[in-house]
Each structure stands twice: as C-alpha cells, then as structure tokens.
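J.: when you get a sec, could you give me coordinates for this:
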Amino acid sequence: MRGSITYCIIGTGFAGTCALWHVVQRLTDPRRGPALSPSAVTIVTVERGPVNGPGYPYAKDNVQLAHRCNNEASTMGIHGNDFVDWLAESKPWLIRDHPELVLETHPGIKLSEWQPDNGEFYPRALFGRYLERRFQEAVERARAHGIDVQQYVRHEAVDGCATEQGFALFLRSLDTDHEFTVDGIDRVLLSTGHWQSKAADPLSGESGYLTSPYPPDAVNAAVAERVRSRRAHGERPRVFVQGMGPSGIDAIMTLCGDGEFTYTDDGHIASYEPAARAGEEPLHIVAGSRSGFFSPVRGPLAPYAPRHLTEERLAEIRREHQGHLKIERILELLDKDLRRATAGAVGWNDIKNPRYHSAKEKLTSDLRDSYTGNLVYTIALKARRMRFYNQLEPSDKATYDRLLDTHFIRTAVPMPSANAEKLLALMDAGILTTVKQGYDAPHTAVGEDGDFRITYRTDDGGQSTVRADCVIRASGQDFSMENHPSALVQNLLRRGEIVPHEEGGYVTGGIALDAHGGYRVLRRTGGGCVPSPYLTSYGSPVRFWQHEHNFAGAFVEAAERVADEWLDAAASVTARSGAVDGPGLVTSETGS
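T.: Residues are numbered from 1 along each chain as shown. Sure thing, here's the model as predicted:
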C-alpha cells in the first residue's frame, strides 16, 4: 500500500499559484479531515521563469510601471477580495520600498493617507508581487504542516508519460541543460499560460519586426536600433503597433516611457511631453487593428438583469435544435437586451461597428458617457459568461471564432480610465495616431528599402498605406496545438496523453477536456478518447476558456474545483498497490 500522493503544477503564474494556494488550504484545514496526513503529500512545481508566482504577464522583466491590470482590484484575488486585502496589509512595505507603484494609480496622494481601492486598475508589476508573495506563503504553510514541496524554477517540462508508478515528467534545467525524471506523480496541472505560435509568420526574421511587446526593454532596444538611421537622415521615425487591446496599449506605453505625463490637481492626465533630444523629432506611433478602436473605458458592472438572453431562452433554443445553440438566435436576443437597456440607442450592430469616426472620438465618449458604456459592457460580459460557446454547433463555433469573438472581447475587456486619458494626451501631442485595417486587409508588406507598408481603411471606405520603420505585433493567439512551441505539449500530443479539441470536423484549437464537466484532460486510447487519470488543465491551454472565462474569478473557480478533485483522489491513491513512496529523481535522457 502506497499511502502517499504527489501533485505537480506545471506553470506557476496566476493559474498555477491559484491552484497551489487552494490545494494547500484544503490539505492544512483542520476542519476538513483529509484522506491523507499532510506529511504523506508531495507537491512539485515547475516554472520556466526565475520566480514562482508572477508568471509571464506579471514578471518584473515583462512589465513597466505604466502597464496596468485590465481588471479591477476586487476581481483579481486568488480567493475573495484577497488582492485588496494584501494591499492593505502590505501598505507600510509598499510605501517604504515601492511608492511608485502606489503613485502610478493614485498620483499626488499623500502616501500615508492612501487606502487600496476596490475599483482601481493597479500596475501589473504590483499584482506580480502579490502573486509572488502568496505563492511563497502557500509553500511556507505547506512545509510547516509537513508537506514536501519541491520547486523547480528555471526549469521546463519537456515530456511526460504514464508509467506503472503513475505519471512521469522529464524536466530540463534552463541554466545547465541537465535532464532528469520525476516519477510517481498522481495528478498534474497544465497551467502553462499563453504561447507564441511556432507557425511561420510572414514577417518573421524581418529586421524591425517584433513578435511581442514584451519584454519592454528588449522592445525599446530593438526600436532604437532600427530608427537610428531614420533619424540620421533627419526624418521622423514611425512604429506601427499591430493590435489595440491591452497588449497594444502596453506597447504604446513602453514606447512613450521616456517622456512625461503631467497631471491636474485632481489626479487626471493633463498632457504629455516627449523626451527632449536636440535635433530629433519624437517617435510617431501608429496603432491599428481590424476595428480601429481600443478597448472600452468601463467601471463596475451596471445593475441590469437580462430579460431576453436568459438561461430559459437558451434552453428553448437547445430544445428546438437537437441540444445545440444557434449563434443567430443568441445575437438576436442580445440585440433585444441592448436596445431595451439603452432605450433603443445601442444594438448588436453598434458593437460590431461602433458609431465613431475615430478611436479618439470613442475614447472621449467613453470617458464622458460612463452610464451607457457600462450598460453595454455589462450586457456583453454577462452574455459571454453564460458560456454558450460550448453548446454551439461546430459550424457556428467556426463562425464565432472567425468573426464574432473579437467584438465580445473588445467590448467586455475594460481599459483603465487613466490609460484612456494617456492615449488622448499622446494623440493631442501628435505622438499617436490610429488606423482601421478592416477585416479583409492584406498582410503588412515589406518595401524595397526594408521598411514596412501597412494597409488601412480611409474615411471614405477606400484603402491607403502608411510606412513604418518597425512593427510590434500585439494581437491574436494561434490556438492550433500543432503550432504550440512547447516540447512538452508536442510530446504529449504525439503520445496521445492530450488531444486537440475537435467537433464535427472543426478543430477549435486548445486541449480537449472531459465533456462531462470538470477540467480533466482527454487522452487517446484505442479508437477513442477517455479522461486522463493524471492530467488536468484550465486557462490559456483550453480554447473554450478564452470564450467563456475571460475574468480572473474564473481562475479561482477552476482552482477550487481542481483542488477538491485532487483531494478526493487521495482516497483512491491510498488503495493503489505495488507503488513506491514519493517521487523518485532519476537522471536520464529525455524519453522518446
């Protein structure tokens, strides 16, 4: 009889930290009466970065002070309102060691009078410190109760397979290239985050083309190198930011980081002054996307309960269409709710094609008319949270992926008002302009002189081009699993330990999960697929997650369910015979 259990978390960003905290909380809660003593538990964590907790989006090297979270503080905790609670308990330390993180969101405030704000959008650097600290505290609590926690930072999992002892992972040190095996694992969470597709990008390898707006120091260095020759000829350099969502805004803030924003007495952005360099014109930034608009400025959810797009109406549609939902019917109901809430002023078509001539006009309107904006935001977000995507027919899923989700995302993902004010100040200073590329625009081309030509829509509906010295890609994610850059993912696919999600011949992308709910990954066996006895996943590796769980609270919900399932598994693991205690560390070559 084994009498012990081993858990493993691959990727210790927000999702992985959430899972660790909830697993440890359950294991060490004296009221729960766990199936195993904590001393019989081993938790293994694997993280490519140098620190557990922040993950890629909140890591110190990937953020600048002006990069904000795109969710309010009250929605960002790994349980309850924990992020705001941590800010309050950490106030003396933050004021002493990191006052800039407070002043970025509360400019001009007397630090001793600062109180954390539930509705504020704090710097991602600050949230990264929160995650790092909560991860450390979970480890300390686990070890204080006798749980064996084994942390592998600067390591990557390169392969994995089922064995007689459980699940085996093959790890590699990113510093030494040393490879070894961790065997006897009972449950593995794949929480590896977003990825850059390894599919061929038409612009890959072109000088001046950056595939990501992170890390910001690398972006600034690459841009500076590229535009130096342009300035040498007395010409104004131009950078095109492809994407106007949160990552695109981060890219803009990075490029403007050497200038200075001024503030009004009540803490609003007044103007922007670029860094003064003798004989040099400031950088010109052009931001573009298919719609030509930034994310909306929104406050808390408005008190509106949908009257048309309801669970009852969705059930009717399913009964009429053999258990499936129809996207046309959903959009009709959504349109009715929008028009009812706004007295006919806004419908679905206004979300698809906002009634503004420019991004500047829409930003100004968002800041001025928060009431109507919050109603539209609330209804679009509540529609997305109804998780209808999973029940669409495969052909409707393809339509939604190709044409519709972009509108929900653009409406439901909010922007801090301070960012909107900064973008307007950059426009007023002549630093930033925007273009609408449309949904059928040709790819960015490379000119004979090595610069870039970006096609965009003119006000009269025609096409024109703008030249740029650099292009920063800040849009889109390719969900095709065959294009995932991780050796672990590719090897798990090859072994059949995970499979891409597919319905009716349409491959949605992402890892397939058990259709009966939960987060158990499907594995291939014989001629079909069954739930894996070892692997679970939620967050970025799962395509459905992108459509139905675009808020931080979903990570908490998923982490709680995974933690409950993992603890339930302890009882069955204790009955397993013929296994050795704990994981064995064996130096080996990566398995094939």
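
J.: which stretches in the stretch 451-592 of the chain count as helices?
T.: Assignment of helices within the stretch 451-592 of the chain using DSSP state H, counting those that start in this stretch yields the ranges 487-495, 543-548, 552-574.

J.: hmm, I typed the wrong one, I wanted the stretch 51-200 of the chain.
T.: Counting by DSSP H, counting those that start in this stretch, the helices of the stretch 51-200 of the chain are 55-58, 82-89, 91-97, 99-103, 124-144.

J.: same thing with the stretch 251-400 of the chain?
T.: When secondary structure is read from DSSP H, counting those that start in this stretch, the stretch 251-400 of the chain shows helices at 311-320, 327-341, 348-352, 359-368, 370-384, 394-399.

J.: just say which of the helices of the stretch 451-592 of the chain is most tucked in.
T.: The highest mean neighbour count among the helices of the stretch 451-592 of the chain, using mean count of other Cβ atoms under 10 Å, belongs to helix 543-548: a mean of 20. In this view, the C-beta of every residue, glycine as well, is placed from N, C-alpha and C.

J.: distance between stretch 277-292 and the chain's centre?
T.: Counting by Cα atoms, centre = their mean, to the nearest Å, stretch 277-292 is centred 26 Å from the centre of its parent chain.

J.: now swap in stretch 468-488 and tell me
T.: Averaged over its C-alpha atoms, stretch 468-488 has a centre that lies 14 Å from its chain's centre (Cα atoms, centre = their mean).

J.: could you dump the helices of the stretch 51-200 of the chain to TSV with mean neighbour count, mean pLDDT and distance to residue 46?
T.: Rendered in TSV, the data for the helices of the stretch 51-200 of the chain read as follows (neighbours: other Cβ atoms under 10 Å; pLDDT from 0 to 100; distance: least, Cβ to Cβ, whole Å):
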stretch	mean neighbour count	mean pLDDT	distance to residue 46
helix 55-58	22	90	12
helix 82-89	19	97	24
helix 91-97	13	95	29
helix 99-103	16	94	29
helix 124-144	20	97	13
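
J.: can I get those in CSV including distance to residue 336?
T.: Rendered in CSV, the data for the helices of the stretch 51-200 of the chain read as follows (distance: least, Cβ to Cβ, whole Å):
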stretch, distance to residue 336
helix 55-58, 36
helix 82-89, 36
helix 91-97, 47
helix 99-103, 44
helix 124-144, 37
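
J.: and those helices: which comes nearest residue 20?
T.: The stretch from the helices of the stretch 51-200 of the chain with the least distance to residue 20 (Cβ to Cβ) is helix 124-144; that distance is 5.0 Å.

J.: mind giving me the domain ranges of this protein?
T.: Described in terms of automatic domain parsing, the domain architecture of the chain consists of the residue ranges 5-196+480-587, 209-295+416-473, 311-412.

J.: mind putting those domains into CSV with distance to residue 302?
T.: What follows is these, written out as CSV (distance: least, Cβ to Cβ, whole Å):
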stretch, distance to residue 302
domain 5-196+480-587, 13
domain 209-295+416-473, 16
domain 311-412, 4
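
J.: do you know which of those domains lies nearest residue 303?
T.: Here domain 311-412 is closest among the domains of the chain (Cβ to Cβ), at 8.3 Å.

J.: between the two ends of the closest one, how far is it?
T.: By Cα to Cα, to the nearest Å, the extent of domain 311-412 from end to end equals 20 Å.

J.: now swap in stretch 64-80 and tell me
T.: The stretch stretch 64-80 measures 27 Å between its terminal residues, going by Cα to Cα.

J.: pull out the buried positions in that stretch.
T.: Within stretch 64-80, the residues that qualify as buried by neighbour count (16 or more other Cβ atoms under 10 Å) are 64-78.

J.: for those residues, which one is nearest residue 442?
T.: When the buried residues of stretch 64-80 are ranked by distance to residue 442 (Cβ to Cβ), residue 70 comes first, at 29.9 Å.

J.: got a list of what the closest one touches?
T.: Applying Cβ atoms under 8 Å, 6 or more residues apart in numbering to residue 70 gives the contacts 121, 246, 295, 413-416.

J.: and with 7 Å instead?
T.: Residues touching residue 70, when contacts are defined by Cβ atoms under 7 Å, 6 or more residues apart in numbering, comprise 121, 246, 413-415.

J.: count the residues that sit near residue 50.
T.: The burial metric for residue 50, expressed as a neighbour count using other Cβ atoms under 10 Å, is 13.

J.: ok, now which ones touch it?
T.: Contacts for residue 50 (Cβ under 7 Å, 6+ apart) come out as 153-154.

J.: pretty sure it sits in a strand.
T.: No: when the secondary structure is assigned by DSSP: H, G, I helix; E, B strand; the rest coil, residue 50 falls in coil instead of a strand.

J.: backbone torsions only: list them for it.
T.: Taking degrees, to the nearest 10, you get phi -80, psi -10 for the backbone angles of residue 50.

J.: and the closest residue to residue 404 other than its chain neighbours, how many neighbours does it have?
T.: Closest residue to residue 404 in three dimensions, ignoring its sequence neighbours and counting by Cβ to Cβ, 6 or more residues apart in numbering: residue 327, at 7.0 Å. A count of neighbours around residue 327, defined by other Cβ under 10 Å, yields 18.

J.: what of residue 202?
T.: When counting by other Cβ under 10 Å, one arrives at 11 neighbours for residue 202.

J.: residue 442 is in contact with that one, correct?
T.: No: between residue 202 and residue 442 there is no contact, the gap being 10.4 Å when judged by Cβ atoms under 7 Å.

J.: so where's this protein shaky on pLDDT?
T.: Applying pLDDT under 70 to the chain picks out residues 1-2, 33-35, 200, 232-234, 278-279, 370-371, 546-547, 549-551, 571-592.

J.: show me the contacts for residue 57.
T.: 13, 124.

J.: ok, now how distant is it from residue 537?
T.: In this structure, residue 57 and residue 537 are separated by 18 Å, where distance is defined by Cβ to Cβ, to the nearest Å.

J.: ok, residue 245 next?
T.: In this structure, residue 245 and residue 537 are separated by 24 Å, where distance is defined by Cβ to Cβ.

J.: more neighbours: which of the two?
T.: Regarding residue 245 and residue 537, a neighbour count based on other Cβ under 10 Å identifies residue 537 as having more, with 27 against 19.

J.: can you get me a residue count around the nearest residue to residue 65 once chain neighbours are set aside?
T.: In space, not counting the residues next to it along the chain, residue 65 is nearest to residue 104; the distance is 5.3 Å by Cβ to Cβ, 6+ apart. Using other Cβ under 10 Å, the number of residues around residue 104 comes to 19.

J.: thought residue 104 was touching residue 125?
T.: No: under the contact definition of Cβ under 7 Å, residue 104 does not touch residue 125, with a separation of 8.8 Å.

J.: find the residues that touch each one of the two.
T.: By Cβ under 7 Å, 6+ apart, the residues touching both residue 104 and residue 125 are residue 65.

J.: thanks a lot, catch you later.
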